[in-house]
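> sequence first, predicted model second:
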Amino acid sequence: MLSKIKAYFKLSKWESIAMLVLCGFMLLLVGINYSLPFIFNKKNNASAADSIALQQLAAQIQADTNTSNWQQYKTYTPSDGSNIHGFAFNPNELDDAGWKKLGFSDKAVNTILNYKNKGGKFYCKADVQKMYSISEAEYTKLEPFIQLPATKQFAKNSYSNNYTTKEKITVEINSADTATLNQLRGIGSTLAWRIAEYRKQIGGFYSTAQLKEVYGISDSLITFLQPQLKVDASRIQKININTVLYQTLNAHPYFKNGLALAILKFRKSNGGKIENLEQIKNTPSIDVTTLEKAKWYIGF
């Protein structure tokens, strides 16, 4: 009986080999299953360590940058003018090579040329002094060589020499298009476009003095232009203060920074309606000085 049982379980040579291979494969799977968590934990730990190291490196770079910027700021001093080598020049006609010949750095020259490229002009010596890239000491050495009138109160004929190609005309600035504005002596296409854009933004001009709010227009230019300008304030586009939304009113240059909110709060407290300008003026929370400019654009 026992011999029969042994004979039944006896394996051939190839069956024995197959059994050994199967056992080995099973052991391999068990080993892999056991070791995988350690492998991934090690990778995750390495990744976390790398992340921490990168964060520390970034923090150190930022600290070094801040220190460098502070050191540069701390050690910065305005030029004493020793770099200036003066010669007669008109700042409106001088190119980058000319400014460098005067002794200015590339950075200072780029600042000056950017101002000119955006439509900026120098109408008198004092306008040159306004450039923040030119120190007081540098301007003192340059001033005798600048070929421009000394002050803003210059003779009209000094301007006429520069704009002989433009016929003198009178322009109503609330109705003139850019082509008409460009015909004004002292106004080029860039400034004409800026005037038209700012006029659109505020809804029209009530005074020629408002042109000072247009980038690139100086007091001296307005003084020169004054005889050529007139203003029709009836063309101003008014805002209905009883229906306007806060976002629209606050977008207007004269109403933002608190005035729009103060007016609409008063409107709400007054039953949703404002009868006249005096009601607004008598409101304690409203700045009367700011309101003086904004009142031209208020409608009921």
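Right, received. Where do you want to start?
> in the protein, what helix or strand scores lowest on average pLDDT?
Least confident helix or strand of the chain, by mean pLDDT, DSSP states H and E, is helix 156-160 with a mean of 45.
> so which residue is dead centre in this protein?
Nearest to the geometric centre of the chain sits residue 215, at 13.5 Å (C-alpha atoms, centre = their mean).
> doesn't residue 118 make contact with that residue?
Yes. Here residue 215 reaches residue 118: they are 7.4 Å apart, a contact under C-beta atoms under 8 Å. The way it works is simple: take the backbone N, C-alpha and C, and place the C-beta from them, glycine included.
> hang on, residue 272 packs against residue 243?
No. Using C-beta under 8 Å, residue 272 is not in contact with residue 243; the gap is 9.8 Å.
> leaving out chain neighbours, which residue sits closest to the residue nearest to the centre of the chain?
residue 194 (6.1 Å; C-beta to C-beta, 6 or more residues apart in numbering).
> tell me which element the one you found falls in.
Using DSSP states H and E, residue 194 sits in helix 189-202.
> dump the helix or strand following that helix to PDB, keeping only the CA atoms.
Downstream of helix 189-202, the next assigned helix or strand under DSSP H and E is helix 219-225. Extracted in PDB, the C-alpha atoms of helix 219-225 (Å, rounded to 0.1, in the frame of the first residue of the first chain):
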ATOM      1  CA  ASP A 219       4.000 124.500 -18.200                       C
ATOM      2  CA  SER A 220       6.200 126.300 -20.600                       C
ATOM      3  CA  LEU A 221       4.500 124.600 -23.600                       C
ATOM      4  CA  ILE A 222       1.100 125.600 -22.400                       C
ATOM      5  CA  THR A 223       2.300 129.200 -21.900                       C
ATOM      6  CA  PHE A 224       3.400 129.100 -25.600                       C
ATOM      7  CA  LEU A 225       0.200 127.400 -26.800                       C
END
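> which elements pack onto helix 219-225?
For helix 219-225, there is no helix or strand it packs on, judged by 3 or more C-beta pairs under 8 Å, 6 or more residues apart in numbering; DSSP states H and E.
> could you give me the average pLDDT of that helix?
Per-region confidence: helix 219-225 scores 88 on mean pLDDT.
> each with direction, which strands does the very next helix or strand once past it pair with?
Reading on from helix 219-225 to the C-terminus, the next helix or strand found by DSSP H and E is strand 229-230. Sheet pairing for strand 229-230, assigned by DSSP bridges, gives strand 171-172 (parallel).
> what's the average pLDDT for the helix holding residue 194?
Helix 189-202 comes out at a mean pLDDT of 94.
> flag every buried residue along it.
190, 191, 192, 194, 195, 196, 198, 199, 202 (16 or more other C-beta atoms under 10 Å).
> out of those residues, which is nearest to residue 289?
Nearest to residue 289 among those, counting by C-beta to C-beta, is residue 202 at 17.2 Å.
> quick one: the closest one and residue 213, what's the gap?
Per C-beta to C-beta, to the nearest Å, residue 202 is found 8 Å from residue 213.
> which residues do these two both contact?
residue 253 (C-beta atoms under 8 Å, 6 or more residues apart in numbering).
> run through the stretch 1-150 of the chain and note the low-pLDDT ranges.
Along the stretch 1-150 of the chain, the parts satisfying pLDDT under 70 run over 1-11, 35-77.
> now do the same contact list for residue 274.
241, 242, 263, 266, 267, 280, 300.
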